[in-house]
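Chemist: sequence and predicted structure below; questions after.
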Amino acid sequence: MKNRPKHPIATLFVLLMSVLAAPVPIQGVASAAQPELDIMLVLDNSGSMKRNDPDFLMRDVAMNFLAGFGDETRLGIVVFDQSVRLADPLTRRTEPENRTRFLKSLETIDYRGLWSDTPAGVERALYELTANGRTGVRKAMVLLTDGIVDTGNPVVDAEKRAWLKSDLTAACTKAGVRIFGIAFTEAADFSLIQSLAGRTQGEYFRAYRAQEIAPVFDRIQAAVTRVEPPMAQTSASGPASKPTLEPPPPTPAPTPEQAKTTPPAVPAQRTDLAPLAVGIGIVALVLALLVWILARRSPRSPAADMPEAELVGIHNVTGRKSFPLNRPVTRIGRDKKNEIPISRDTVSSLHAVIEFRNGSFFLEDQRSRNGTGLNGEPVSPGSPQRLKSGDEITFHTHAFRFILSDMAPAGETVMDFDASKVAPTLSPPTNLPQALLVDVDNITGRKTLKLRGTNNRIGRGAPSELVIPQKSISGVHATVEYRDSRFYLEDQRSKNGTRLNNEPLTPNTPRRLKSGDEITFDVYRFIFMLENQVPSGDTGETWVETE
């Protein structure tokens, strides 16, 4: 985004300049102070906000909004999604601890909510303004939402929408609370927000992109702080009316006698120490905020330490082999604006997201119609699941593989090893029956490979005990495990697959072996042999392991 600060320092610089630009009090002169204000920010935290504001620009804008008011302004925050919470009560912004709490409250906005209970958010903000607001000061509510009243129940939605337009709006008007509504994106309920603003003598704005939020907040700030009173306290019997401002009576000119005896006016002088103390205090405050934000805030742009990762298509449904995951939030869905578009009717417009935070990648379903799966398990909407390299992700039935470039999944090829330098070191348990893998094509340079332990790893190199030194074989390609007096073959999510008697194995699904079974690792064939079980058609010869 071209106009957005790319680092918290830039945001704090704006905040510092806004505060330092405020007029310094002059001794003996009354400054034109801004009116006293009580303002509640009512912010939508539903999951769809992440798509419309992936860089959380709203938090930066709200922080700058804080810097634009005078000392007598009190601000509070209500956050709503399927539930409502008072993130920060009405407090003056001048106290450092209150400012820090305000900024910390903004950091809790994570766009992880499932629904949008707008009426409940407005009601909670109105209660804070009426119960804890000051008497005789202006009151305002700034509502920002990108959607409609959506609780997941259409009947409840209709009831709450009617409650908001009638009873809640009337209560706001009676309490002298103006609503400044911001309809964010075209999906917002424009008529509802316009109605709220109009009935409370507030104002109504549209913002189609995240970059447009900041100018709208600037216009709201100007509207709230206008010199003329916005509205009078409303009586129960009638609507609010604006009081008539009477001009002050003219000051009579002094008589000649008064002019001789009245000393000339002395120009007001600035105090020397007060501005310096104020400036030092502000700088100290901003530096403290800078340290806190740099330590706690997640970066808005791809982090320098973000590992290289990609999403690899298994069924080539997109026409591309892989997609790099090089953004803090990668969107997946049918819409072409997504970073990973999947143009299938069963895939939702915004189906899921993959987010990088706190050093890990997380998969989150975005209330998709047909669901998101992780390794065969459904992912609940709004419940991020941490990803590891090799995980299989399905969007409806379309499968992809999550890969970290510097972390091969279990069974993935990592590096080549010299088979001659890797020898089995495990000694077999005393009750383990003798079993061998016969190398049909002599690809290992050894006729037979003895299974020496209860868990025998077969692969391209260490840590495998039985080594097949071929590039198409994965680091740990498969295992043969002895348990419950039986041997079991299991593919370890190998890159080129394992077959048993020419039947492909499902990864991580053990299959019981019997003497004489043919096992194929990629294209390399082996015969599993048990000493005490002669397969059908065997010659019955005694076999000797060849090292």
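Modeler: Yes, it's here.
Chemist: surely residue 133 and residue 139 touch.
Modeler: Yes - under the criterion of CB atoms under 8 Å, residue 133 makes contact with residue 139 at 5.7 Å. Placement of C-beta: from N, CA and C, glycine included.
Chemist: and for the two, which residues touch both?
Modeler: Jointly contacting residue 133 and residue 139 under the rule CB atoms under 8 Å, 6 or more residues apart in numbering are residue 38.
Chemist: the more surrounded of these two?
Modeler: Neighbours per residue, other CB atoms under 10 Å: of residue 133 and residue 139, the larger number sits with residue 139, 25 against 22.
Chemist: partners of the more buried one in the sheet?
Modeler: residue 38, residue 177 (DSSP bridges).
Chemist: same deal with residue 378?
Modeler: Under the criterion DSSP bridges, residue 378 forms beta bridges with residue 373.
Chemist: tally of neighbours for it?
Modeler: Residue neighbour count, defined by other CB under 10 Å, stands at 11 for residue 378.
Chemist: cool, and residue 280?
Modeler: 10.
Chemist: now residue 175
Modeler: Count around residue 175 with other CB under 10 Å applied: 15.
Chemist: which residue is the nearest non-sequential neighbour of it?
Modeler: Distances taken as CB to CB, 6 or more residues apart in numbering place residue 130 nearest to residue 175, at 5.1 Å, with adjacent residues excluded.
Chemist: so the one you found touches residue 172, yeah?
Modeler: No - here residue 130 lies out of contact with residue 172, judged by CB under 8 Å, at a distance of 9.4 Å.
Chemist: more neighbours, these two?
Modeler: Counted by other CB under 10 Å, residue 130 and residue 172 do not tie: residue 172 has more neighbours, with 28 against 16.
Chemist: my read: the more buried one touches residue 179, true?
Modeler: Yes - in this structure, residue 172 is within contact of residue 179 by CB under 8 Å, at 6.1 Å.
Chemist: shared neighbours of these two, which are they?
Modeler: Counting by CB under 8 Å, 6+ apart, the residues touching both residue 172 and residue 179 are 122, 141, 196, 200.
Chemist: give me every residue that touches the third one.
Modeler: For residue 196, the contact set (CB under 8 Å, 6+ apart) comprises 122, 143, 164-165, 169, 172, 179, 181, 202, 204.
Chemist: go again with 10 Å.
Modeler: Neighbour list for residue 196: 118, 122, 141, 143, 164-165, 168-169, 172, 178-181, 189, 202, 204 [criterion: CB atoms under 10 Å, 6 or more residues apart in numbering].
Chemist: average pLDDT across whichever strand or helix holds the residue nearest to residue 175?
Modeler: Assigning secondary structure by DSSP states H and E places residue 130 in helix 118-132. Average pLDDT, helix 118-132: 92.
Chemist: what ranges do the strands span in the stretch 251-400 of the chain?
Modeler: Ranges of strands in the stretch 251-400 of the chain, per DSSP state E, counting those that start in this stretch, are 309-313, 322-324, 329-333, 340-341, 352-357, 360-365, 372-374, 377-378, 385-386, 392-395, 398-404.
Chemist: tabulate those strands (TSV), appending mean pLDDT and distance to residue 449.
Modeler: Converted to TSV, the strands of the stretch 251-400 of the chain look like this (pLDDT from 0 to 100; distance: least, CB to CB, whole Å):
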stretch	mean pLDDT	distance to residue 449
strand 309-313	89	32
strand 322-324	91	35
strand 329-333	93	43
strand 340-341	94	43
strand 352-357	92	41
strand 360-365	92	38
strand 372-374	93	36
strand 377-378	90	36
strand 385-386	92	37
strand 392-395	93	30
strand 398-404	89	30
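Chemist: for those, give me JSON lines that also has distance to residue 100.
Modeler: Shown next, in JSON lines, are the strands of the stretch 251-400 of the chain (distance: least, CB to CB, whole Å):
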{"stretch": "strand 309-313", "distance to residue 100": "35"}
{"stretch": "strand 322-324", "distance to residue 100": "38"}
{"stretch": "strand 329-333", "distance to residue 100": "27"}
{"stretch": "strand 340-341", "distance to residue 100": "38"}
{"stretch": "strand 352-357", "distance to residue 100": "22"}
{"stretch": "strand 360-365", "distance to residue 100": "28"}
{"stretch": "strand 372-374", "distance to residue 100": "38"}
{"stretch": "strand 377-378", "distance to residue 100": "40"}
{"stretch": "strand 385-386", "distance to residue 100": "30"}
{"stretch": "strand 392-395", "distance to residue 100": "39"}
{"stretch": "strand 398-404", "distance to residue 100": "36"}
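Chemist: out of the ones you listed, which comes closest to residue 105?
Modeler: Nearest of the strands of the stretch 251-400 of the chain to residue 105, taken as CB to CB: strand 352-357 at 18.9 Å.
Chemist: can you give me the buried ones in the closest one?
Modeler: 352-356 (16 or more other CB atoms under 10 Å).
Chemist: for stretch 191-203, same thing?
Modeler: Burial within stretch 191-203, assessed by neighbour count using 16+ other CB under 10 Å, is assigned to 192-197, 199-203.
Chemist: what does stretch 321-332 give?
Modeler: For stretch 321-332, burial by neighbour count (16+ other CB under 10 Å) applies to 323, 325, 327-332.
Chemist: can you tell me how far the residue nearest the centre of the chain is from residue 89?
Modeler: Against the mean C-alpha coordinate of the chain, by CA atoms, centre = their mean, the closest residue is residue 110 at 5.5 Å. Distance, residue 110 to residue 89, using CB to CB, to the nearest Å: 20 Å.
Chemist: what's the answer for residue 387, then?
Modeler: Residue 387 is 38 Å from residue 89, where distance means CB to CB.
Chemist: residue 504 and residue 520 touch, don't they?
Modeler: Yes - between residue 504 and residue 520 there is a contact at 9.4 Å, judged by CB atoms under 10 Å.
Chemist: which one of those two has more residues nearby?
Modeler: residue 520 (19 against 11).
Chemist: hang on, the more buried one packs against residue 499?
Modeler: Yes - applying CB under 10 Å as the test, residue 520 and residue 499 come out as touching, 4.1 Å apart.
Chemist: which residues do the two both contact?
Modeler: With contacts taken as CB under 10 Å, 6+ apart, the residues that reach both residue 520 and residue 499 are residue 505.
Chemist: in helices only, show me the shared contacts of residue 172 and residue 179.
Modeler: Among these, the ones falling in helices (DSSP state H) are 122, 196.
Chemist: want to try a markdown table for the shared contacts of residue 172 and residue 179, with distance to residue 38 as columns?
Modeler: Below are those laid out as a markdown table (distance: CB to CB, whole Å):
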| residue | distance to residue 38 |
| --- | --- |
| 122 | 15 |
| 141 | 10 |
| 196 | 18 |
| 200 | 14 |
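Chemist: between the shared contacts of residue 172 and residue 179, which is nearest residue 371?
Modeler: Within the shared contacts of residue 172 and residue 179, distances to residue 371 taken as CB to CB reach their minimum at residue 122, with 32.8 Å.
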